[in-house]
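Q: fold the following and give me the result.
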Amino acid sequence: MANIRSALNNIQESFVSVWTLMSDTTIFLSNHTKIFNQYEPMLRRLRHKLEQNRSNPDVHREVRSQLVELRKNLRHQGYNLRLGSVDLKLEGFRNDDALAEGFTRCVISIMTDKSVYYITGTANHIELDSALDTQLSARRVLDGKSQMARHFLWFRWTNRVLILSGAASETKEDFDDFRDYVAVEKGSLLKYLVKMT
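A: Take a look at the predicted model:
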């Protein structure tokens, strides 16, 4: 399965322009990892090379090859580069008027091992919280794990940006803790929430 996924990633990257590959790689490293500084000089050098040789296909192939190799190494380190053009943004608190703005309720459970479970829906946050408990119990998720935090939020996707806001059931202190968590673990959190609907 890993070999098939690797082959599909390589095929997909071969059809993307070298500029798009550069942009996605840079955005991914800067928004979703703590290692951007390690690769920033290389990316800057490659970008400069592209800018100086805009119509040179040999340079484009060389830069593409280096970017594909970098992305392969990042995948081997466990990074999910499909998150490159996806971002997460926190926006204060919202009330039930958020429904009219296209937001949906969600409850997120963050475990001590940094895994994340969530539920979304039209029920109120208390009912969603209870439903999440039922799901976690049925899946035996809490066997051997403990919950670090649970958050009651509103969410909406806007141009591949996941916007999260606190709900009435979320205290200011809990939301501040969530903000601190996102500041450190945004890439890890987004990996779990990227398919949130």
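
Q: okay, now the sheet partners of the longest strand along the chain, with direction.
A: Secondary structure of the chain read by DSSP state E shows that its longest strand is strand 147-158. Using DSSP bridges, the strands paired with strand 147-158 in its sheet are strand 104-111 (antiparallel), strand 161-166 (antiparallel).

Q: for the chain, longest helix please?
A: Identified as the longest helix of the chain according to DSSP state H is helix 172-193.

Q: now what about that one, what contacts it?
A: Helix 172-193 is contacted by residues 31-33, 79-80, 83, 86-88, 90, 93, 108, 110, 114-118, 149, 151, 153, 162, 166, 170 when judged by CB atoms under 8 Å, 6 or more residues apart in numbering. (Each C-beta comes from the backbone N, C-alpha and C, glycine too.)

Q: now with 7 Å?
A: Contacting residues not belonging to helix 172-193 are listed as 32-33, 80, 83, 86, 88, 90, 110, 114, 116, 118, 149, 151, 162, 166 [CB atoms under 7 Å, 6 or more residues apart in numbering].

Q: stretch 148-158 too?
A: Contacts for stretch 148-158 (CB under 7 Å, 6+ apart): 94, 98, 102-112, 125, 129, 162-167, 169-170, 174, 177-178, 196.

Q: cool, stretch 98-106 as well?
A: Here stretch 98-106 makes contact (CB under 7 Å, 6+ apart) with 94, 118-121, 125, 128, 153-156, 165, 167, 196.

Q: can I have the buried ones of the residues you listed as a PyMOL selection?
A: Buried residues among the contacts of stretch 98-106 (16 or more other CB atoms under 10 Å), as a PyMOL selection:
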select buried, resi 94+118+119+120+125+128+153+154+155+156+165+167+196
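
Q: if we can go back for a sec, then the longest strand of the chain to CSV, C-alphas only?
A: Taking Å, rounded to 0.1, in the frame of the first residue of the first chain, the C-alpha atoms of strand 147-158 are listed here in CSV:
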residue,chain,number,x,y,z
GLN,A,147,-8.2,12.7,27.0
MET,A,148,-6.1,15.8,27.3
ALA,A,149,-8.9,18.3,26.3
ARG,A,150,-12.3,18.6,24.7
HIS,A,151,-13.4,21.6,22.8
PHE,A,152,-16.9,22.9,21.7
LEU,A,153,-16.4,24.8,18.5
TRP,A,154,-18.0,26.1,15.3
PHE,A,155,-16.2,25.4,12.0
ARG,A,156,-16.4,26.4,8.3
TRP,A,157,-14.1,25.8,5.4
THR,A,158,-13.3,28.9,3.3
